[in-house]
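J.: Only the shape, not the letters, is given here:
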């Protein structure tokens with residue numbers, strides 16, 4: 001029935017370069033490592049793409065292994081290539097499944113370019129987004145967002161660093177309204 005299994009608390013996955021973490025490997029072996037920094041996969045992405053990962057110093061890690069912080073809390077899992085996916089990316093969906101709900105995420109419907117990466121500087125600040133294409137029939141298009149619009153904040157939060165537009169959207173349900 002699982003009642004006697006140990007429980008590991010979920011911790012904050014707000015981690016920065018230099019933070020110490022550990023990877024739980026086979027059996028009771030733990031591999032200490034250090035966060036190198038935030039990795040973003042693509043220059044062109046979407047408002048729904050959860051494409052931010054944390055690069056770890058240790059590279060020969062087993063994909064799917066849990067990653068813990070210095071307080072012993074679960075903060076993510078090894079994604080491969082020496083990186084981890086923060087738990088906050090999947091925890092809203094895990095909660096929905098545990099409640100017996102269907103997995104649902106809000107959708108804006110934007111193709112976006114991270115401006116500071118596109119031009120090699122942060123004219124608008126880290127994480128500024130330029131709308132490449134608002135998808136027809138989506139909330140973004142219906143709200144009047146057009147090609148070339150620059151997004152600096154969503155729901156009062158900067159869209160730079162680890163707090164991407166997609167991660168901000170995880171705090172909302174389909175049909176909710178946010179301010180860009």
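T.: Yep, it's here. These numbers were taken from a predicted model, which means no experiment stands behind them.
J.: what are the bridge partners for the residue nearest to residue 79 when sequence neighbours are not counted, then?
T.: Taking C-beta to C-beta, 6 or more residues apart in numbering, and ignoring the residues beside it in sequence, residue 79 has residue 85 as its nearest neighbour in space, at 4.6 Å. For the C-beta atoms, the positions are set from N, CA and C on the backbone; glycine is no exception. Bridge pairing for residue 85 (DSSP bridges) gives the partners residue 77.
J.: burial count for residue 85?
T.: 18 (other C-beta atoms under 10 Å).
J.: wait, what's in contact with it?
T.: Contacts were defined as C-beta atoms under 8 Å, 6 or more residues apart in numbering; by that measure residue 85 touches 50, 53, 76, 77, 79.
J.: Could you do residue 154 as well?
T.: Applying C-beta under 8 Å, 6+ apart, the residues near residue 154 are 165, 168, 169, 178, 179, 180.
J.: hmm, try it at 7 Å
T.: The neighbours of residue 154, taking C-beta atoms under 7 Å, 6 or more residues apart in numbering as the test, are 165, 168, 178, 180.
J.: do the same with residue 61
T.: Applying C-beta under 7 Å, 6+ apart to residue 61 gives the contacts 23, 31, 78, 82.
J.: Give me the pLDDT for the first one.
T.: Listed pLDDT for residue 23 reads 90.
J.: The third one now?
T.: Per-residue confidence for residue 78 comes out at a pLDDT of 89.
J.: Any idea how many residues pack against it?
T.: Close neighbours of residue 78, defined as other C-beta under 10 Å, add up to 23.
J.: same thing with the last one?
T.: Residue neighbour count, defined by other C-beta under 10 Å, stands at 18 for residue 82.
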